[in-house]
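Participant: Predicted structure and sequence below. I'll ask about it afterward.
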Amino acid sequence: MQERIEKVYEQVVQRNRGEAEFHQAVREVLESLDPVVSKHPEYLDAALLERIVEPERQVIFRVPWTDDAGQVHVQRGFRIQFNSALGPYKGGLRFHPSVNAGIIKFLGFEQIFKNALTNQRIGGGKGGSDFDPHGRSDAEVMRFCQSFMTELFRHIGPSTDVPAGDIGVGGREIGYLFGQYKRLQNSYDAGVLTGKGLAWGGSLVRTEATGYGTVLFAQSMLATKGDSLEGKRVAVSGAGNVAIYAIEKAQQLGAQPITFSDSSGYVVDEAGVDLELLKQVKEVERGRVADYVARRPGARLVTGGSVWDVPVDVALPCATQNELNGDQAATLLRGGCGVVAEGANMPSTPEAIEAFQAAGILYAPGKASNAGGVATSALEMEQNSSRTHWDFSKAEDKLTRIMAGIHDSCVAAAEEYGKPGDYVLGANAAGFTRVADVMLAHGVV
Ligand SMILES: NC(=O)c1ccc[n+]([C@@H]2O[C@H](COP(=O)([O-])OP(=O)(O)OC[C@H]3O[C@@H](n4cnc5c(N)ncnc54)[C@H](O)[C@@H]3O)[C@@H](O)[C@H]2O)c1
């Protein structure tokens, strides 16, 4: 990295001590920007790098709630409003015990460039809490969501900041959060949250969008080599929203997904994943992956090692950050893997990315390949503001076009900046320049 960029990175580390995931995400973007700022010195003159790594606003708040036994708990809530150059802050809420400022900042930072790539008018933000919904009753989750929204509501709005789901936040949580927002505001602002139920402002395809989009991106990458997903063996990690719909789209396109996982282990089902059973276990029963194996002859649960030990043609990491390290990347490559498309945010460590790039395989960073979810959230906002509701095929058609557009923007930017086929450079350069040009137009704010 050139000296000025290195200095920006050092300042990020100084100012955000101990926030390792945030440092990692910033470094990955900054490392791509040498050729961009060399071509556009005006970005450096306007201190755009220094500005883009500093969130516009960070809100951290206490969330007290009472469990079913009457015991009071205190959680910490976050909303990081990172960049509003392109539109209202937009990004999900994560409820997971590992949540801290560094994780929310890394996610918010990634979100800026991801949202820019979709070409929708949305800025970047992210939020969440260290609340763990696992093992909690519906009533406990509801009380927690109500308490969380009782502070968050004053910081968000359809033209200000529009949260959605992420790990631990699905349709149930969005419902409780929206109910409390509506009560506090005395106003039916459907566009304040996305991922809503279909009967109260949700969009068809939003549930499927991130997983579907990830697979569509993999298909577009393969098409540049005259190949397709047809007949390919696919490893998927995770068993949540993104993983389930990545499996569904991969199956629709003729591939054979054979794995999924949760924090209790991974499942190998050589006959191909039984999606109906997986949905029943995970979406309806909120069970563990072992419950699938108990009902599926031939499937096996593996509790040691990692899902990346299974030899496949295509890998779709759809669980969480840093779930695929350098050694696991080497194992995947030895097994013949030629395509990696990230459904999760930053699932590959820097060493894994280096291994994929050195091997010259098709590798898509999450900010490009998992952007279908937020893109469809923007479509949900569009339907809310015009009080319309599109059918499934119209929404899916728009998602398909947006994913093709993101793919083509990455390819074009990688070529423009001298590294054809480098989707990391392509995604970072294309996303960054879209935001940077608008920040220049808005002056020093
Ligand atoms: N939901 C979206 O629209 C969306 C959009 C873009 C990116 N993402 C990213 O996709 C990833 C998954 O999100 P989701 O919405 O599917 O969440 P989810 O809560 O529905 O599912 C997460 C899944 O990952 C599993 N998991 C978590 N930690 C794990 C670990 N250490 N090892 C193995 N499995 C683990 C969980 O058990 C769960 O099955 C996250 O990185 C999220 O930020 C989600």
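Facilitator: Cool, the structure landed.
Participant: phi, psi of the residue in the stretch 151-300 of the chain that the ligand sits nearest to?
Facilitator: In the stretch 151-300 of the chain, the residue that lies nearest the ligand is Gly240 (1.7 Å; Cβ to the nearest ligand atom). In short, each C-beta sits where N, CA and C put it, glycine included. Main-chain dihedrals, Gly240, degrees, to the nearest 10: phi -100, psi -150.
Participant: pretty sure it is touching Ala319, no?
Facilitator: Yes. If you go by Cβ atoms under 8 Å, Gly240 and Ala319 touch, sitting 7.5 Å apart.
Participant: and for the two, which residues touch both?
Facilitator: Common contacts of Gly240 and Ala319 (Cβ atoms under 8 Å, 6 or more residues apart in numbering): Asp262.
Participant: Just checking: what are the partner strands of the biggest strand by length in the chain?
Facilitator: Scanning the chain for the longest strand, with DSSP state E as the assignment, gives strand 72-83. Its sheet considered, strand 72-83 pairs with strand 57-66 (antiparallel), strand 124-129 (antiparallel) by DSSP bridges.
Participant: Adding mean pLDDT and distance to the ligand as columns, could you present the ones you listed in TSV?
Facilitator: Below are the strands paired with strand 72-83 laid out as TSV (pLDDT from 0 to 100; distance: least, Cβ to the nearest ligand atom, whole Å):
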stretch	mean pLDDT	distance to the ligand
strand 57-66	98	19
strand 124-129	98	9
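Participant: would you turn the ones you listed into TSV with mean neighbour count?
Facilitator: Formatted as TSV, the strands paired with strand 72-83 follow (neighbours: other Cβ atoms under 10 Å):
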stretch	mean neighbour count
strand 57-66	15
strand 124-129	30
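Participant: Identify whichever of those strands lies nearest to Val438.
Facilitator: With Cβ to Cβ as the criterion, Val438 lies closest to strand 124-129 of these, at 12.3 Å.
Participant: can you list contacts of that closest one?
Facilitator: 63, 75-83, 89-96, 99, 103-105, 107-116, 144, 148, 152, 161, 163, 166, 168-169.
Participant: now do 6 Å
Facilitator: Outside of strand 124-129, the residues that reach it under the criterion Cβ atoms under 6 Å, 6 or more residues apart in numbering are 63, 75, 77-83, 89, 91, 93-95, 99, 104, 107-108, 111-112, 115, 161, 163.
Participant: Please apply the same query to stretch 221-238.
Facilitator: Identification of contacts with stretch 221-238 by Cβ under 6 Å, 6+ apart yields 219, 243, 246-247, 250, 253-257, 259-261, 307, 310, 312-319, 362.
Participant: and what of stretch 84-103?
Facilitator: Stretch 84-103 has contacts (Cβ under 6 Å, 6+ apart) with 19, 21-22, 81, 111, 115-116, 121-133, 159-169, 435, 438-439.
Participant: Contact residues of the stretch 51-200 of the chain facing the ligand?
Facilitator: By Cβ under 6 Å from any ligand atom, the part of the stretch 51-200 of the chain that sits against the ligand consists of 165-168.
Participant: Kindly recompute the last result at 8 Å.
Facilitator: Neighbours of the ligand within the stretch 51-200 of the chain, by Cβ under 8 Å from any ligand atom: 92, 94, 96, 107, 114, 164-170, 195.
Participant: How confident was the prediction at Ser377?
Facilitator: You'll see Ser377 listed with a pLDDT of 97.
Participant: what's the burial count for it?
Facilitator: Residues lying near Ser377 (other Cβ atoms under 10 Å) number 29.
Participant: was I right about it contacting Thr194?
Facilitator: Yes. Ser377 lies in contact with Thr194 (Cβ atoms under 6 Å); the separation is 3.8 Å.
Participant: And what about the residue nearest to Lys249 when sequence neighbours are not counted, helix, strand or coil?
Facilitator: Nearest residue to Lys249, sequence neighbours excluded (Cβ to Cβ, 6 or more residues apart in numbering): Val215, at 3.9 Å. Three-state assignment for Val215 (DSSP: H, G, I helix; E, B strand; the rest coil): helix.
Participant: related to what we said a few turns ago, the strands paired with strand 72-83 into CSV, with extra columns for distance to Gly326?
Facilitator: Compiled in CSV, the strands paired with strand 72-83 are given as follows (distance: least, Cβ to Cβ, whole Å):
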stretch, distance to Gly326
strand 57-66, 32
strand 124-129, 26
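Participant: right, so of those strands, which gets closest to Tyr43?
Facilitator: In terms of Cβ to Cβ, the element of the strands paired with strand 72-83 nearest to Tyr43 is strand 124-129, at 17.5 Å.
Participant: circling back to that earlier point, select from the residues of the stretch 51-200 of the chain next to the ligand the one having the most neighbours.
Facilitator: Busiest of these [other Cβ under 10 Å] is Leu107, holding 30 neighbours.
Participant: Identify the residues contacting it.
Facilitator: 126, 345 are the contacts of Leu107 under Cβ under 6 Å, 6+ apart.
Participant: Make 26 the starting number, not 1.
Facilitator: Sure, I'll start counting at 26 from here, so that last one is Leu132.
Participant: tell me which element it is part of?
Facilitator: helix 126-142 (DSSP states H and E).
Participant: Please name the nearest non-neighbouring residue to the residue nearest to the spatial centre of the chain.
Facilitator: Centroid-nearest residue in the chain, with Cα atoms, centre = their mean: Asn370, separated by 4.6 Å. Counting by Cβ to Cβ, 6+ apart, Asn370 lies nearest to Gly391, which is 4.9 Å off, once chain neighbours are set aside.
Participant: ok, the helix ranked longest in the chain near the ligand or not?
Facilitator: Criterion DSSP state H: the longest helix present in the chain is helix 417-441. No. Helix 417-441 stays clear of the ligand (Cβ under 8 Å from any ligand atom), getting no nearer than 11.9 Å.
Participant: average model confidence for that helix?
Facilitator: The model assigns helix 417-441 a mean pLDDT of 98.
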